[in-house]
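S.K.: Based on what follows, work out the 3D shape:
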Amino acid sequence: MKRVITYGTFDLLHYGHINLLRRAKALGDYLVVVLSTDEFNWKEKNKKCYFSYEERKMLLEAIRYVDLVIPEENWEQKKSDIHEYHIDTFVMGDDWVGKFDYLEDEGCNVVYLPRTPEISTTQIKNDLNK
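M.R.: As a prediction, the model looks like this:
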């Protein structure tokens, strides 16, 4: 069984998120989504989410491409997640190109998928504020 992992906040879930999850799942048999906690988002990313961690987790768990949702509590946990969950492929959006190449030293492939160009959570928030 090929295992894939991806990370994100997934607030204001939209079809760009679904595209990423669908393409990530297509790279293997089992998809682990590591979801940023509210505390991590605020402390490390200076982001306040619209939906709570539990609400975002519930939404992700309802998506057929997602097999497991676990919390992201710090930047450093990626290496341990790869080993604990026996990950073959690490996937992120292409806005992170090069940032996680070091994970190949942990024995997994690193793949950066193109973002869906016309949609983003930031764009949604900006449009709603107009």
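S.K.: Bridged to residue 34, which residues?
M.R.: residue 7, residue 70 (DSSP bridges).
S.K.: Check the gap between it and residue 69 for me.
M.R.: With distances taken as Cβ to Cβ, to the nearest Å, residue 34 is found 8 Å from residue 69. (Glycine included, C-beta is placed from N, CA and C.)
S.K.: try residue 28
M.R.: 16 Å.
S.K.: again with residue 105
M.R.: 26 Å.
S.K.: Compare these two and say which is more crowded by neighbours.
M.R.: The neighbour comparison of residue 105 against residue 69 (other Cβ atoms under 10 Å) goes to residue 69, with 19 against 8.
S.K.: Quick check: that one touching residue 33?
M.R.: Yes. Contact criterion Cβ atoms under 8 Å: residue 69 and residue 33 qualify, at 5.0 Å.
S.K.: Name the residues contacting each of those two.
M.R.: Residues touching both residue 69 and residue 33 (Cβ atoms under 8 Å, 6 or more residues apart in numbering) are residue 60.
S.K.: State the distance from residue 41 to residue 96.
M.R.: The value you get for residue 41 to residue 96, if Cβ to Cβ is used, is 16 Å.
S.K.: In terms of neighbours, single out the busier of those two.
M.R.: Here residue 41 and residue 96 are set side by side on neighbour count (other Cβ under 10 Å), and the busier one is residue 41, at 19 against 14.
S.K.: For the more buried one, which non-adjacent residue is spatially closest?
M.R.: Distances taken as Cβ to Cβ, 6 or more residues apart in numbering place residue 47 nearest to residue 41, at 4.4 Å, with adjacent residues excluded.
S.K.: same check, this time on residue 86
M.R.: residue 3 (5.6 Å).
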